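A.B. asks: I would like to see how this sequence folds:
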Amino acid sequence: MPAPSHLLYLHGFRSSPQSAKALVTGARLQAIQNERRARGLGPVQWLCPQLPPSPAQAMAEVLALVRGVAPGRLALVGSSLGGFYATYLAHRLQARAALLNPAVNPARDLRSQIGELTAWHDPQSAFHFTAAHVHELHALEVGDLASAVPEASRYLAVIAQDDEVLDWREMAARYAGGHLRIVPHGGHALTDYATHHLDAVLDFLGIHADAA
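C.D. replies: The predicted structure follows:
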């Protein structure tokens with residue numbers, strides 16, 4: 001399997017490219033880039049866009065961003081709602097995806113969030129989350145959400161049993177048959193992501209300093 005040429009990180013609901021997990025993933029990729037450059041190998045392009053509130057618009061923008069990436073050369077990392085998006089994109093584009101406490105049924109879970117909200121990393125930035133956005137989430141569902149995701153082997157799911165936002169059992173059932181890292185601690189934020197999970201994520205995606 002060819003090494004990825006692009007790594008796309010998708011942040012969670014109300015989050016941004018300034019999330020701790022996005023920043024540490026980008027920093028680790030930069031360190032790998034430096035080693036690759038020293039070995040005369042090509043770069044892995046880092047993509048971490050700010051996603052708009054509209055799921056349909058978010059996926060349209062992301063698909064435009066990766067248009068032209070050779071099949072099999074795109075790797076995905078998605079956190080929470082970004083994990084739901086990454087599942088949709090991995091299924092559609094036949095890519096590999098690492099998911100961090102992925103949302104399984106955000107149309108159900110985010111109905112209570114309809115209204116005016118603020119961004120976690122910029123409380124001065126407000127946006128409207130609407131019933132139409134919930135409907136758009138339904139359109140991105142891959143298969144039956146009560147069953148294991150199709151082609152589960154293309155996913156690595158890192159799941160914390162003490163996630164205070166999402167049900168770890170639902171996540172584990174959704175990605176059954178895939179590559180699961182079920183851990184007792186870390187919470188929804190996966191606070192030990194950098195020290196305990198990031199290397200496994202990059203290994204699963206085939207991103208190494210010596211991968212051509």
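
A.B. asks: my understanding was that residue 131 contacts residue 113; is that so?
C.D. replies: No: under the criterion of Cβ atoms under 8 Å, residue 131 makes no contact with residue 113, lying 10.9 Å away. (Glycine included, C-beta is placed from N, CA and C.)

A.B. asks: okay, those two: which has more neighbours?
C.D. replies: Applying other Cβ atoms under 10 Å to residue 131 and residue 113 shows that residue 113 carries more neighbours, namely 13 against 9.

A.B. asks: skip the chain neighbours and tell me the closest residue to the more buried one.
C.D. replies: Take residue 113 and drop its neighbours on the chain: the residue closest to it by Cβ to Cβ, 6 or more residues apart in numbering is residue 129, 5.3 Å away.

A.B. asks: identify the residues contacting that neighbour.
C.D. replies: Contact analysis of residue 129 by Cβ atoms under 8 Å, 6 or more residues apart in numbering lists 53, 110, 113-115, 117.

A.B. asks: rerun that using 10 Å as the cut-off
C.D. replies: The contact partners of residue 129, by Cβ atoms under 10 Å, 6 or more residues apart in numbering, come to 13-14, 53-54, 110-111, 113-117.

A.B. asks: again with residue 142
C.D. replies: Going by Cβ under 10 Å, 6+ apart, residue 142 touches 84, 87-92, 149-151, 174.

A.B. asks: do the same with residue 106
C.D. replies: Contacts of residue 106 (Cβ under 10 Å, 6+ apart): 12-13, 55, 80-81, 83-85, 113, 133-134, 137-138, 140-141, 145, 166.

A.B. asks: got phi/psi on residue 189?
C.D. replies: Torsion angles at residue 189 (phi, psi; degrees, to the nearest 10) stand at phi -80, psi -10.

A.B. asks: surely it touches residue 79?
C.D. replies: Yes: counting by Cβ atoms under 10 Å, residue 189 does reach residue 79; the two are 8.9 Å apart.

A.B. asks: for the helix or strand containing residue 117, which residues meet the burial criterion?
C.D. replies: Secondary-structure element containing residue 117, defined by DSSP states H and E: strand 115-118. By 16 or more other Cβ atoms under 10 Å, strand 115-118 has no buried positions at all.

A.B. asks: average pLDDT across it?
C.D. replies: For strand 115-118, mean pLDDT is 87.

A.B. asks: OK, contacts around the closest residue to residue 63 other than its chain neighbours?
C.D. replies: Nearest residue to residue 63, sequence neighbours excluded (Cβ to Cβ, 6+ apart): residue 89, at 7.7 Å. Residues counted as contacts of residue 89 (Cβ under 10 Å, 6+ apart) are 8, 10, 59, 62-63, 66, 74, 76, 78, 95, 97, 140, 142.

A.B. asks: now do the longest helix seen in the chain: which elements does it pack against?
C.D. replies: Longest helix in the chain, counting residues (DSSP state H): helix 20-38. With contacts taken as 3 or more Cβ pairs under 10 Å, 6 or more residues apart in numbering; DSSP states H and E, helix 20-38 sits against strand 6-10, strand 45-47, strand 74-79, strand 96-100, helix 198-205.

A.B. asks: and the longest one with strand 96-100, angle?
C.D. replies: This means helix 198-205. Helix 198-205 and strand 96-100 meet at an angle of 160 degrees, taking axes from the mean of the first three to the mean of the last three Cα atoms, to 10 degrees as the criterion.
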